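>>> just the structure for this:
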Amino acid sequence: MTDLSTTIAGVRFPSCFMNAAGALCVTRDELVALGKSAAGAIVTKSMTVEPRQGNPEPRYYGFPGGSINSMGLPNLGYKAYAELIPELKRFGKPVVASVAGLCEEDFPTIAAAINAAQPDLIEVNLSCPNIPGKPQIGYDPESSERVIKRVRQIITVPMGLKLPPYFDPAHHEAMGKVIGRYGIDFLNMINSVGNGLVVDPEREAVVIKPKGGFGGLGGRLIKPVALANVRAFYKIFQGRIPIIGTGGVMDGMDAFEHLLCGASALQIGTVLVEEGLDVFSRLDKELAEILTRKGYHSVAECRGMVKEL
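Below is the predicted model:
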């Protein structure tokens with residue numbers, strides 16, 4: 001029997017697949033449905049201080065090869081999620097609370113309340129690309145360090161960072177140095193590739209409304225960027241910090257590639273929105289078949305095993 005469970009910061013996940021923050025995880029009903037599904041965890045929407053409706057519709061568009069979105073962090077506000085966390089823990093799988101902020105000052109406020117609710121892990125999202133007028137904190141090592149330093153003093157449950165895609169080894173190294181100073185328990189990479197643009201030539205128009213059509217790209221077309229980031233940070237930390245691979249996981253083979261590059265678990269966004277909750281059972285089945293065929297007995301056995309030429 002192939003073991004698809006994984007362990008991150010001492011917390012066991014019954015399956016290595018979970019939702020990405022943002023995909024079918026805003027409302028209580030969506031979170032409860034994740035609890036009842038085959039997902040290995042319940043990941044909340046990245047939460048802000050105040051409830052947000054998000055950006056105007058249409059704000060998500062799927063196309064061959066991927067998706068574009070500019071959701072704008074629609075969420076219930078951190079107080080609502082703090083109240084929901086104890087209920088969600090009853091499903092017997094890890095609850096991962098994703099903490100965001102519209103400015104640096106928001107992060108400590110949210111972190112304190114969410115830490116008190118005792119989710120299994122807290123993900124600090126430094127990488128939402130879809131707030132008009134707000135840069136991604138994760139692209140500024142100094143801003144990132146200020147946020148990390150403040151929340152690290154507050155958060156007592158395992159704490160990780162959700163990072164944007166980096167495109168240069170110098171950026172990997174710079175963020176690696178910051179991360180290495182604060183005892184980070186896990187990393188999640190990548191968030192969507194920001195500021196793409198998709199055009200419908202028949203209508204001669206962009207396909208989403210916010211920001212003039214600019215939005216974050218997801219789905220299979222971003223997989224090479226995701227794999228590169230997973231591999232780079234796996235090598236920087238020599239496998240010591242568990243990595244959740246996010247970006248381009250549409251089937252079991254995509255997941256296997258992430259594991260080979262160094263991921264310990266996988267998050268899915270585009271394929272979850274497109275297929276719904278049944279996708280978790282499909283991915284479990286496909287990955288188990290691949291691992292068996294390749295002679296691996298567990299997810300852990302193939303982690304980081306990609307060969308370099």
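>>> residues near the nearest residue to residue 247 once chain neighbours are set aside, how many?
Spatial nearest neighbour of residue 247, chain neighbours left out: residue 226 (2.8 Å); criterion: CB to CB, 6 or more residues apart in numbering. C-beta coordinates here come from the backbone N, C-alpha and C atoms, glycine included. Residues within reach of residue 226, counting by other CB atoms under 10 Å, total 25.
>>> and residue 226, how far from residue 269?
Residue 226 is 11 Å from residue 269, where distance means CB to CB, to the nearest Å.
>>> ok, residue 3 next?
Distance of residue 3 to residue 269, computed by CB to CB: 25 Å.
>>> of the two, which one has the most company?
Legend: neighbour count by other CB under 10 Å for residue 3 and residue 269, higher for residue 269 (25 against 14).
>>> what's the pLDDT at that one?
Listed pLDDT for residue 269 reads 98.
>>> test my guess that it contacts residue 18.
No: in this structure residue 269 lies outside contact range of residue 18 using CB atoms under 8 Å: 10.7 Å.
>>> quick one: contacts of whatever helix or strand residue 82 lives in?
Residue 82 is part of helix 78-88, with elements assigned from DSSP states H and E. By CB atoms under 8 Å, 6 or more residues apart in numbering, the surrounding residues in contact with helix 78-88 are 28, 31-32, 35, 42, 44-45, 47-49, 51, 75, 95, 97, 99, 109-110, 113-114, 116-119.
>>> what about the next helix or strand after it, distance to the chain center?
Where DSSP H and E defines the elements, the next helix or strand beyond helix 78-88 is strand 95-99. Relative to its chain's centre, strand 95-99 lies at 10 Å (CA atoms, centre = their mean, to the nearest Å).
>>> would you list every one of the helices in the stretch 151-300 of the chain?
For the stretch 151-300 of the chain, helices defined by DSSP state H, counting those that start in this stretch occupy the ranges 169-180, 223-236, 252-261, 270-275, 279-294, 299-302.
>>> nearest to residue 199, of those?
Minimum separation from residue 199 across the helices of the stretch 151-300 of the chain (CB to CB) falls at helix 270-275, 18.9 Å.
>>> does anything pack onto the closest one? Which helices or strands?
Here helix 270-275 touches strand 60-63, strand 66-69, helix 279-294, going by 3 or more CB pairs under 8 Å, 6 or more residues apart in numbering; DSSP states H and E.
>>> show me what counts as buried in it.
270, 271, 272, 273 (16 or more other CB atoms under 10 Å).
>>> quick check, nearest of these to residue 295?
Using CB to CB, residue 271 is the member of those that lies nearest residue 295, at 26.6 Å.
>>> next, the contact list for that closest one, please.
Contacts for residue 271 (CB under 8 Å, 6+ apart) come out as 219, 249, 250, 251, 279.
>>> let's have the helices of the stretch 151-300 of the chain in JSON lines, adding distance to residue 208.
Formatted as JSON lines, the helices of the stretch 151-300 of the chain follow (distance: least, CB to CB, whole Å):
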{"stretch": "helix 169-180", "distance to residue 208": "27"}
{"stretch": "helix 223-236", "distance to residue 208": "20"}
{"stretch": "helix 252-261", "distance to residue 208": "24"}
{"stretch": "helix 270-275", "distance to residue 208": "14"}
{"stretch": "helix 279-294", "distance to residue 208": "23"}
{"stretch": "helix 299-302", "distance to residue 208": "35"}
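>>> which pLDDT value goes with residue 177?
Residue 177 is assigned a pLDDT of 98 by the prediction.
>>> an error on my part: the question was meant for residue 133.
pLDDT for residue 133: 77.
>>> what about it, distance to residue 195?
Going from residue 133 to residue 195 by CB to CB gives 13 Å.
>>> higher neighbour count, these two?
More crowded of residue 133 and residue 195, by other CB under 10 Å: residue 195, with 13 against 6.
>>> the more buried one contacts residue 130, doesn't it?
No: using CB under 8 Å as the test, residue 195 is too far from residue 130 to be in contact (9.2 Å).
>>> mutual contacts of the two, please.
215, 216.
>>> for residue 12, phi and psi?
Residue 12 adopts backbone torsions of phi -90, psi 130, taken as degrees, to the nearest 10.
>>> what about the nearest residue to residue 165 once chain neighbours are set aside, neighbour count?
Nearest residue to residue 165 in three dimensions, chain neighbours excluded: residue 190, at 4.1 Å (CB to CB, 6+ apart). Neighbour count of residue 190, defined by other CB under 10 Å: 25.
>>> what distance do you get for residue 190 to residue 81?
Distance, residue 190 to residue 81, by CB to CB: 23 Å.
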